[in-house]
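Novice: sequence-free structure coming up:
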């Protein structure tokens, strides 16, 4: 049963995407990543002429700003794409009027979302790979590649991003708004999750916000696996923390989602 | 007077075959329609879904341009002068969208009034008059989202009259409404034509609605006129065709053929068929007693003898067949 | 003319009632540019700010420099989500009634932009003013030039809104439009990095965005006491762009109306 739902979701989503989404959709995502990278590049090479502040290396363990920022922006691309699709799926169903019939079918939500997520992961890997090639042009260099850390980073990231998507999906269903909700969350993540600068620069309140969004730790682990500069014990500590926070998100997201769906349908009737 | 002749609309549709491939296709939404609407008259445009009603209405409202044909609006060439036409027409569609739900009834009407450039003093009076006309004067300052379906539909009517149009196009105005509201709406529409001398075109796929309201009726199918005429003329054609379902215990092919023969004596034009153990008959003649007689004569026990209201689908199918026969002849 | 203004006003009022119908919308429209602003500001911390090449930027006024950028951008950017909202009128059927009326189409687009441009940016504007006032010792304003630049700024923001409204209303793939017209603005229009230091090819890209010119003028008059004559090139460019935007919009409206009458569909591209 679970497997069937999973398979059906993947097939359906794949068909919808193939028919309704032109290539421009993918181009758009890669461009988004390009703009971020390009912005960092301009800032570093042209605006400040390669002069980093004294605190940067101490905080990040690297003096390669471009690699630091590009890994951050690739991870950002990954989380945005995942969230965008998984969270928006139900909203799309609501708009197209298929949510009601979906809810009538007695399937498990987890399988439905996992199906979406799996398909999205495959597409996103492709997009991120292309964005990474652009990153190399702008100065992305792998300094100390650690395969085990990398695999751990990918798996934990997928787990955590799924949790974040669930919560975002609830907010969207509840507010019945995708545009403002998603962009506010994305810009917030860009600010507090250490995407292009270490979160230590932020004031206290924002730093706390950054540490309760698991994306922050995922970005740090990914950086450690590619650029090094972080002791193994620290990586393990971050991984455990991300796992725990991600679990909290998923544990909260599932029941919340059910609640939000019900409210969404009630609102639709009224 | 509105008069269109040989209207035709062909769409060039792009069909997607795959991620990169697509091809173009010509779709004939309307093949050949000629009609006429006069002030004070309610004209019905009747047809099943996809018959070309909406495309016809969009051409008449100048929203789309016909591929071929002529359109004269009070003597003016409407295809060349859409803006002049727009001043004197409006459209009311069924369904609840088409108005701003977060605005109040008054605000909706005010907004559309401004789009027509109506002087504020006149507009204010007109809105009040219209709200009263559709019975929403107490709800003027309440957001539309709290309205019931019927209230939203009544607001649509007020909106459709905001520019005091000479001609009104009603596109399936009663779709999804219950019987009471529908009845109210029908009275409203009668009022518009008979008391206010508006020319009205009404599309519908409900036979009874058209029968009740329209002075003159056009029946379309597949983008073509099948038949037109006054209500009286069409009554013969469409409305008075009775449909019977008849079955007896142990009904088989043999009994059916006998029955068919029997009916042929009474009405040689009757349409008789045998489906799923039942005989289905369409006829202009009242057949209930004849069928009962048949069962009695043949000593059969009646399982079912059922008279049905004529449906539009059947009328269309039947008339299309007759048209084709006529053409062949 | 009176009819034109009536339609502009009616559309602005409708948009206000229909979309800006509660205070949370103002707040959420503020939070988003605020976060972008903060991200840019804190990412500067990774660098040695006094090492920049731009003469009139220093560690003291960089906050105002950035604030001006994000404030100005919020005017140009705000229109997107409401334009996107406006494009939903296609599905809800109300657009058809607008087309059924005799109203001037440009007036409708303009009324919509008027409401969205100013209402979306209002909280950011107030916030920006507060930041600037509290840092007033770091600015160097030329008041007369500022007045002129502001008028041009408003005209441009409004027409950019009208132009985007037209694009969104008549396009199927609005996400893509957003990616090519909106996202790069932050980088290429010089919001967080001044365009003067751009490599040549990036400078050429930046000339596409109207915000580039008017933002440069705004910063010059706010931070560098620039006179009108010293800005004449930029200001002429701005007026040129205003004309281009207006003609492009009128041209699009004309084509769309024709296209719609032919196909029964307002979606053009």
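Specialist: All right, it came through fine. Quick caveat, the model's predicted, so the values are computed rather than measured.
Novice: write out the residues of the stretch 101-250 of chain B neighbouring chain C.
Specialist: Contacts of the stretch 101-250 of chain B with chain C, taken as Cβ under 8 Å from any Cβ of the partner chain, map to B:102-103, B:107, B:110-112, B:114-117, B:159, B:163. Heads up, the C-betas are built off the backbone N, CA and C, glycines and all.
Novice: now the stretch 51-200 of chain A
Specialist: Contacts of the stretch 51-200 of chain A with chain C, taken as Cβ under 8 Å from any Cβ, map to A:51-53, A:55-56, A:65, A:179-180, A:183-184, A:187-188, A:190-191, A:195-198.
Novice: go through those and flag which are in helices.
Specialist: Among these, the members falling in helices (DSSP state H) are A:55-56, A:65, A:179-180, A:183-184, A:187-188, A:190-191.
Novice: hmm, which of these are the buried ones?
Specialist: Burial by neighbour count, judged by 16 or more other Cβ atoms under 10 Å in any protein chain shown, picks out A:56, A:65, A:179-180, A:183-184, A:187-188, A:190-191 from these.
Novice: now the two most distant members of those.
Specialist: Of all pairs drawn from those, the one with the largest separation by Cβ to Cβ is A:56 and A:179; the distance is 34.5 Å.
Novice: nearest residue to the residue in the stretch 1-150 of chain B that chain C sits nearest to in space, please, no chain neighbours.
Specialist: For the stretch 1-150 of chain B, the residue closest to chain C is residue B:114, as judged by Cβ to the nearest Cβ, at 3.2 Å. Closest residue to residue B:114 apart from its sequence neighbours, by Cβ to Cβ, 6 or more residues apart in numbering or on different chains: residue C:10 at 3.2 Å.
Novice: and that neighbour, helix, strand or coil?
Specialist: Taken by DSSP: H, G, I helix; E, B strand; the rest coil, the conformation at residue C:10 corresponds to helix.
Novice: wait, it sits on residue B:110?
Specialist: Yes - the pair residue C:10 and residue B:110 qualifies as a contact (Cβ atoms under 8 Å) at a distance of 7.3 Å.
Novice: buried stuff in the helix or strand encompassing residue B:129?
Specialist: Per DSSP states H and E: residue B:129 is located in helix B:120-133. Burial within helix B:120-133, assessed by neighbour count using 16+ other Cβ under 10 Å, is assigned to B:123, B:126-127, B:130-131, B:133.
Novice: that one - contacts with which helices or strands?
Specialist: Other helices and strands packing on helix B:120-133, by 3 or more Cβ pairs under 8 Å, 6 or more residues apart in numbering or on different chains; DSSP states H and E, are helix B:105-115, helix B:149-160.
Novice: I'd like the residues of the stretch 101-250 of chain B next to chain C as JSON lines, with pLDDT, neighbour count and distance to residue C:200 appended.
Specialist: As requested, those are arranged in JSON lines below (pLDDT from 0 to 100; neighbours: other Cβ atoms under 10 Å in any protein chain shown; distance: Cβ to Cβ, whole Å):
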{"residue": "B:102", "pLDDT": "85", "neighbour count": "15", "distance to residue C:200": "49"}
{"residue": "B:103", "pLDDT": "89", "neighbour count": "20", "distance to residue C:200": "51"}
{"residue": "B:107", "pLDDT": "93", "neighbour count": "21", "distance to residue C:200": "53"}
{"residue": "B:110", "pLDDT": "94", "neighbour count": "21", "distance to residue C:200": "53"}
{"residue": "B:111", "pLDDT": "93", "neighbour count": "25", "distance to residue C:200": "49"}
{"residue": "B:112", "pLDDT": "92", "neighbour count": "28", "distance to residue C:200": "52"}
{"residue": "B:114", "pLDDT": "92", "neighbour count": "25", "distance to residue C:200": "49"}
{"residue": "B:115", "pLDDT": "91", "neighbour count": "25", "distance to residue C:200": "48"}
{"residue": "B:116", "pLDDT": "92", "neighbour count": "21", "distance to residue C:200": "52"}
{"residue": "B:117", "pLDDT": "90", "neighbour count": "20", "distance to residue C:200": "51"}
{"residue": "B:159", "pLDDT": "91", "neighbour count": "23", "distance to residue C:200": "56"}
{"residue": "B:163", "pLDDT": "91", "neighbour count": "23", "distance to residue C:200": "56"}
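Novice: now, which of the residues you listed sits nearest chain A?
Specialist: Within the set of those, residue B:102 lies nearest chain A; the separation is 12.7 Å, counting by Cβ to the nearest Cβ.
Novice: pull the contacting residues for residue C:225.
Specialist: Residues counted as contacts of residue C:225 (Cβ atoms under 8 Å, 6 or more residues apart in numbering or on different chains) are C:140-142.
Novice: which other residues reach stretch B:78-89?
Specialist: Contact with stretch B:78-89 is made by B:2, B:60-62, B:65-66, B:70-74, B:76, B:116, B:163, B:165-169, C:100-102, C:261, as judged by Cβ under 8 Å, 6+ apart.
Novice: show me what counts as buried in it.
Specialist: B:78-79, B:82, B:85-86, B:88-89.
Novice: need the mean per-residue confidence for that stretch.
Specialist: pLDDT averaged over stretch B:78-89 equals 91, rounded to a whole number.
Novice: what's the answer for stretch B:295-302, then?
Specialist: Mean per-residue pLDDT for stretch B:295-302: 84.
Novice: wait, the residue of the stretch 1-150 of chain B closest to chain C touches residue C:6, no?
Specialist: Yes - checked against Cβ under 8 Å, the pair residue B:114 and residue C:6 is within contact range at 5.1 Å.
Novice: could you check whether stretch C:249-266 is close to chain B?
Specialist: Yes - using Cβ under 8 Å from any Cβ, stretch C:249-266 comes into contact with chain B via C:260-264.
Novice: contact partners for the nearest residue in space to residue B:69 that is not next to it in sequence?
Specialist: Closest residue to residue B:69 in three dimensions, ignoring its sequence neighbours and counting by Cβ to Cβ, 6+ apart: residue B:7, at 3.8 Å. If a contact means Cβ under 8 Å, 6+ apart, then residue B:7 has B:30, B:32-34, B:56, B:59, B:66, B:68-69, B:71 as its contacts.
Novice: who does residue B:7 bridge with?
Specialist: Partner residues in beta bridges with residue B:7: residue B:33, with DSSP bridges as the criterion.
Novice: next one, pLDDT for it please.
Specialist: We note a pLDDT of 90 for residue B:7 in this prediction.
Novice: with residue B:289 instead?
Specialist: The predicted structure lists residue B:289 with a pLDDT of 84.
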